[in-house]
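S.K.: Below is the sequence, then the predicted model.
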Amino acid sequence: MRKLIFLVLPFFLIIHATAKADIVVSNWDGYSPSDIMDTFEGATGISGEMAFHATNEEIMGKVVASKGAGYDVLFVSSPFAEALHKLGLLSYIDHNKIPNMKNLDNWAMNLDYDMGNQFQVPYAWGTTGICYRSDLVSKEPTSWNDLLNPSSDMVGKVTMLSTDRWLLAAGQLLAGYSVNDTNPEHMANVADILKSAKGNLLSYDDTTFYSKLVSGEAVMAHAWDGWCNYAIWENPDVKFMIPEEGSDLWVDTMVILKSSDNKDEAHAFINYILDEDIGSWTIENILYKTPNKAAMDKTIPGLVEAFPNMGMTPQYMMSFETLKDVGDAAKLYATTVSDILAD
Amino acid sequence: MFNNKLVLPGLVWISLFLLIPCLIVFTYSFFERGVYGGIEYNFNFENYTRSFKWTYFKILLTSGQIAFISASVAVFIGFPAAYFITKFDSKIQIFLLFFIMLPFWSNYLIRTYSWMVLLNNQGLINNALIQIGIIEEPIRMLYTKFSVVVGLVYNYLPFVVLSIYASLSTMNKEVIEASEDLGGNFFNTLFRIIVPMCLPGIVAGFIFVFVLSIGNFITPDLLGGGRFLMIGNLIYDQFLSARDWPFGSSLSLILVIIMLSLLFLQSLILARKK
Amino acid sequence: MKKIYLIIIFGFLYIPILTLIALSFNRSGLPTSWGGFSTEWYVQLFQNEKIFKALFNTVIVATISTLIAGILGTLLAMGMEIKKSNKFVEATAFIPMIIPDIVLAIALLSFFTLLQLTLGLHSIIMSHVVFNTAFVCAVVRTRFKYFDHNIIEASYDLGGKYTITFIKIIFPIILPGVIAGCLLSFTLSFDEFIIAFFTAGAGSSSTTLPMLIYSMIRFGVTPEINALSTFIILFSFIIVLISQRSVKGKLLI
């Protein structure tokens, strides 16, 4: 028994012995340069650690359950930033500590879920639409209906996103409703639309749809614009389009937790991210658009030909609604999604 | 007493790190989801009345069906494997066991992606079958209940093999050999002696695959193409997407109660047989 | 007969593994389509410090939690089988297996937060021990079906101070169960994501491999992970081969 304790004890000591970093940031893996913490330390002297989360929902669950303990900065999508703010878990952003805020496009300072960027700072943004193989589709899509009710030769070769808000948004947009709509009757209508669409699908796919387009298994995919670029990268016949009924504007943001003991350092980190060179990295490596105007102006010209959706202007994107937290209607949304997926 | 001391450490650990934390979460089921995802403390049974809606019951049935089929197939395939392993020299047995577990130290996600590559319409299996000439058109294997079962059986088969192996005591080898020598035909020996001998292992293995399958969400998502919502996905969605912990915990509590009842039913049946 | 069947079974188990190994040489970064042969992912893998750190963490978590769970689970099984156990004990030993892992994850994190416990690898280990104990217990219990309870009577008759000899008699009998249970527990822990994610500390010092791999989902899981899986399998294969040479089958009766 004693031998066992002696064996095990050193491990516990090793575990506790690792040096404490000044700040801890949580992001998706690959969403920022892999050496960002080192270059950040080089530029500011602040040491930081990057932790990873797989989805918004998971980091949200963790932060709500632990009241934010252990984290200073999070990268989350806007509805989650909004919810965190309403739950009282975020600190206000002190613009004085973030001079690089000036790099942001004006439109990005006036997003309707957080006018003036009081509790979050946008990092990347984009839209949702149809990503398709222009060489394999019998008819180029123009409407959400082309995705939901494809012609018979394309049945079984279409994928849709199953993440709740985007799954429902496709139906909401087709029916002409808001993507933040909370009317139960509307929702029932959307459910019917999506249930009949389900039979036409190859599968729901949030993560490998671009791979299916490249292999030809799917000819049309419900997709986020940045992801479609990965397919375009592999096969130039892939194109992205926004249906005539419109789309949503999604924004990935950075937030500072109220529980953080290192808010100054956290602000310094966000300021560093907003630097135009870092923004350029994001654009070139992730193929997403960022609201960092300085970075976009610098980098987009080289990419627009291969990836047309990178050329979307902020003005155009602002014509779409941003996804907002729907408050109490979350239950309605969840029940509807379960209903559709279980059908 | 002797056994009190034995069970105590395990019981204390589980009580402290499972019963108490889960008790706290289960009390949420009697409250409501707050507007932004927190908890609003007004006591009611709404979550439970909601849990008994047909949508959710349907999900429970689908999950139960898929889990049951997976567990049955796994036991059916795994039992002979475990049995044959015990026939080898004892030096080789543990060797074989390790090799059974080895594939499962790769990552669950990667194994699942590999199955997608194997099963899809342009995948390796369809290609092979077409090349050999057995079929002309690819068979739709992926994004069906079949592929979900394959994925579940694959990932949990080793657990069945391990638990059946564990209950097949090598010291009863003589009993098996004796029965075979006495001229009992294979099936006689099998059902009268071998199966009863490792019944606890078979039951344990079945239960493992069943419970692990029912809570699984990756396999139905990737191999099922998200078309079959299973309880695992549903509960995940409540806690994570909907941030409706109260409803999620009512669903979980109901699941736990159902499973406990099955457990007690099973022990009643086994007790009767004795 | 036995060899043919086992070959089929191993074929079933290893075909996806061979597929994933093949895909680790896929030039295309896509998880499900082939783009040509390339070893670039191995190059990238071996330059990736954080992957190996996560692998190391995972091995530690799996090993320590298996050690602890192995002991607790075996004791629990012995206690339940040697003397009659009551419904409460049965249920408690069973619940960790049936409780949905997300519930356990959130419950434990909330609990740790309440206790103001700092999180780290140790909190993951503590959490993993919970379900691992239940699995070890369940497997070890199967060993008791043909257990000769007379041995216990005899030992009692010989006086209580023969407890140690007693353990020396029971233990070899249940050992295959303990080993199988521990192997199972290690495997469960090694590939476990959600509980680890929730109960881990916030930095790379407590990131496990599943956490790292799942976090790559958003930008595509590249063949680098296939390369890693290939590496893990090959490495373990070699370790098993080496240890097989040295351990001369003393473990089984």
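M.R.: Alright, I've got the coordinates.
S.K.: Now find how far off-centre the longest strand seen in chain A is within its chain.
M.R.: Of all the elements of type strand in chain A, the one with the most residues (DSSP state E) is strand A:121-133. Relative to the centre of its chain, strand A:121-133 is centred 8 Å away, using C-alpha atoms, centre = their mean, to the nearest Å.
S.K.: Which of the helices and strands in the chain ranks last by mean pLDDT?
M.R.: All of this is about chain A. Taking mean pLDDT, DSSP states H and E as the measure, the helices and strands of chain A show their lowest mean at helix A:2-17, namely a mean of 51.
S.K.: could you do chain C instead?
M.R.: Counting by mean pLDDT, DSSP H and E, the weakest-scoring helix or strand in chain C turns out to be helix C:150-157, with a mean of 69.
S.K.: And the next helix or strand past it?
M.R.: Moving toward the C-terminus from helix C:150-157, the first helix or strand encountered (DSSP states H and E) is helix C:163-190.
S.K.: Check whether that following helix comes near chain A.
M.R.: No: with C-beta under 8 Å from any C-beta of the partner chain as the measure, helix C:163-190 is seen stopping short of chain A, the closest distance being 12.0 Å. Backbone N, C-alpha and C define where each C-beta goes, glycine included.
S.K.: buried sites along that helix?
M.R.: By 16 or more other C-beta atoms under 10 Å in any protein chain shown, the buried positions in helix C:163-190 come out as C:166, C:170, C:173-190.
S.K.: picking up where we left off before, near chain C at all, the longest strand of chain A?
M.R.: No: Strand A:121-133 does not reach chain C (C-beta under 8 Å from any C-beta); its nearest approach is 11.6 Å.
S.K.: Just list what that strand packs against, helices and strands only.
M.R.: helix A:144-148, helix A:209-215, strand A:220-224, helix A:225-234, strand A:238-241, strand A:248-256, helix A:276-286, helix A:314-317 (3 or more C-beta pairs under 8 Å, 6 or more residues apart in numbering or on different chains; DSSP states H and E).
S.K.: what is the mean pLDDT for it?
M.R.: Throughout strand A:121-133, pLDDT has a mean value of 94.
S.K.: What pLDDT is listed against A:Trp144?
M.R.: Looking at A:Trp144, its pLDDT is 95.
S.K.: for C:Phe135, same thing?
M.R.: In this prediction, C:Phe135 has a pLDDT value of 93.
S.K.: can you check C:Gly160 too?
M.R.: Taken from the predicted model, the pLDDT recorded for C:Gly160 is 55.
S.K.: who does the very next helix or strand once past the least confident helix or strand of chain A touch, helix- and strand-wise?
M.R.: Scanning the chain past helix A:2-17 towards its C-terminal end, the next helix or strand to appear is strand A:23-27 (assignment: DSSP H and E). With contacts defined as 3+ C-beta pairs under 8 Å, 6+ apart, the secondary structure elements packing on strand A:23-27 are strand A:48-52, strand A:73-77, helix A:263-273.
S.K.: Let's see the longest one as PDB, backbone CA atoms only.
M.R.: Read it as helix A:263-273. Output for helix A:263-273, consisting of C-alpha atoms alone and laid out as PDB, is shown next (Å, rounded to 0.1, in the frame of the first residue of the first chain):
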ATOM      1  CA  LYS A 263      -8.100  42.000 -16.900                       C
ATOM      2  CA  ASP A 264      -5.300  44.400 -18.000                       C
ATOM      3  CA  GLU A 265      -3.400  41.500 -19.500                       C
ATOM      4  CA  ALA A 266      -6.600  40.200 -21.100                       C
ATOM      5  CA  HIS A 267      -7.100  43.600 -22.800                       C
ATOM      6  CA  ALA A 268      -3.500  43.600 -23.900                       C
ATOM      7  CA  PHE A 269      -4.100  40.200 -25.600                       C
ATOM      8  CA  ILE A 270      -7.200  41.400 -27.400                       C
ATOM      9  CA  ASN A 271      -5.300  44.500 -28.500                       C
ATOM     10  CA  TYR A 272      -2.600  42.300 -29.900                       C
ATOM     11  CA  ILE A 273      -5.000  40.100 -31.800                       C
END
